[in-house]
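Participant: need a 3D model of the following:
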Amino acid sequence: MSKSTAAANGHSLWQKMPKANAELFALTYGTLVTELVRDYESTEDINEQLEKMGYSIGVRCVDEFLAKADQAGMVIPPCRAFAETAEVLAKTGFRMFLGVSAEVQMISDSSFSLLIYENPLSLFVELPSDPKWKDIKYSNLYCGILRGSLEQVNLRVECTMVKDVLQGDDVNEIRVDLKEVLVDGAGEEYDEE
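Facilitator: Residues are numbered from 1 along each chain as shown. Sure thing, here's the model as predicted:
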């Protein structure tokens, strides 16, 4: 799928999705992160919980993505290369669910970065100045969403927040590294005897 097709599909799907108020969405997410800060002692634990929550969301996003695309009469062809997968995520997936696009920066055949210039999760956010919280990855939810959704299409990946605007960087950057292409099937536990 070409970049322009992916972007057009994302825009079309965004138009058909029910919308939530961006401010309410950002404030609700902020409240969730605040609760995690109260419940967990370390930033590692908070980051891990955000990633786990994102993973749970991600495993459901693929079904929603394909169902909405089918409803809209769009054919989403299987991606033949990891670079195509990156483009669909950046131009179609992010646009459909968040109303923003991401840029893809290919690092290798099995690794890319998503650059997000407009992050709806970080509206109205200021991280605490206490050095204890300097390693918090506020948007780590995205890493889990990407990991969960890619696992649903048989790609085991590792996702890392490399840059964060809230930490003073000029862009939000998520690094995605392909670890394994999973075998399609029900698994050994379902083999007939």
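
Participant: so which bits of the one helix or strand residue 60 maps to are buried?
Facilitator: With the criterion set as DSSP states H and E, the secondary-structure element containing residue 60 is helix 43-71. Residues of helix 43-71 classed as buried by neighbour count (16 or more other C-beta atoms under 10 Å): 43, 46-51, 53-55, 57-59, 61-62, 65, 68-69. C-beta: built from backbone N, CA, C; applies to glycine.

Participant: cool, and stretch 118-135?
Facilitator: Of the residues in stretch 118-135, those with enough neighbours to count as buried (16+ other C-beta under 10 Å) are 119-122, 125.

Participant: farthest-apart pair in those residues, please.
Facilitator: Using C-beta to C-beta, the two most remote members of the buried residues of stretch 118-135 are 120 and 125, lying 10.8 Å apart.

Participant: can you list residues touching both of these two?
Facilitator: Residues touching both residue 120 and residue 125 (C-beta atoms under 8 Å, 6 or more residues apart in numbering) are residue 26.

Participant: could you identify the helix or strand that succeeds the helix holding residue 60?
Facilitator: Heading C-terminal from helix 43-71, the first helix or strand you meet, by DSSP H and E, is helix 82-87.

Participant: next one: that following helix to chain centre, how far?
Facilitator: With C-alpha atoms, centre = their mean, to the nearest Å as the basis, the distance from the averaged C-alpha position of helix 82-87 to the chain average is 14 Å.
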